Structures are given as structure tokens and as C-alpha cells.
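**Student:** need a structure here:
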Amino acid sequence: MVKKFINYIAQQPNVDLIILDTDVSNIRAIKCYEKCGFIKKKKINKGANWLMEYKIS
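**Tutor:** Numbering: from 1, shown residues only. I've put the predicted structure just below:
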């Protein structure tokens, strides 16, 4: 499902980056996003969320 979302967004014009803010306690989601190519960039919201990015090539 996440890969379908990435593919859909990647087909949109002028899109080169997808950004997520995932709760740090949601380990399953974080692992899923990393498996699909997202990279943790930094913690935000006083450490409550991970800012994650996926660069579309």
C-alpha cells in the first residue's frame, strides 16, 4: 500500500520529495517506511515525531 502511494505521488507533476512525520513510538510504521525507501532526517515536535523523506528520482 505504501509503495502504491509512493508511485501515485511520483507520477504527479513537479513532485520530487515526499515528507512524513511519524510518531517515534510507531516502530512498525517507521520500519515499513524505511523498507520502502524513506530516510529518517530528524526528530521534530520536541522529539515526538520523526521527519522522514523519500526523494523521487
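**Student:** what number of residues lie near residue 48?
**Tutor:** Per other Cβ atoms under 10 Å, the neighbour tally for residue 48 reads 11. C-beta coordinates here come from the backbone N, C-alpha and C atoms, glycine included.
**Student:** Tell me who's in contact with it.
**Tutor:** 23-24 (Cβ atoms under 8 Å, 6 or more residues apart in numbering).
**Student:** Quick check, pLDDT for it.
**Tutor:** pLDDT recorded at residue 48 is 98.
**Student:** Next, please give the residue ranges for the strands of the protein.
**Tutor:** Along the chain, counting by DSSP state E, strands occupy 17-23, 39-44, 49-55.
**Student:** for those, which one ends up most surrounded?
**Tutor:** Greatest average neighbour count among the strands of the chain goes to strand 49-55 (a mean of 17), per mean count of other Cβ atoms under 10 Å.
**Student:** Now do it against strand 39-44, angle only.
**Tutor:** Going by axes from the mean of the first three to the mean of the last three Cα atoms, to 10 degrees, strand 49-55 is angled at 150 degrees with respect to strand 39-44.
**Student:** Run me through the strand neighbours of strand 49-55, direction for each.
**Tutor:** Applying DSSP bridges to the sheet, strand 49-55 is found paired with strand 17-23 (antiparallel), strand 39-44 (antiparallel).
**Student:** right, and those strands - which one's nearest residue 3?
**Tutor:** Taking Cβ to Cβ, strand 17-23 is the member of the strands paired with strand 49-55 nearest to residue 3, at 11.8 Å.
**Student:** For residue 21, list each beta-bridge partner.
**Tutor:** residue 51.
**Student:** Residue 49 is in contact with that one, correct?
**Tutor:** Yes - if you go by Cβ atoms under 8 Å, residue 21 and residue 49 touch, sitting 4.4 Å apart.
**Student:** follow-up on the earlier one: how about the strands paired with strand 49-55, which one is nearest residue 29?
**Tutor:** Nearest of the strands paired with strand 49-55 to residue 29, taken as Cβ to Cβ: strand 17-23 at 5.4 Å.
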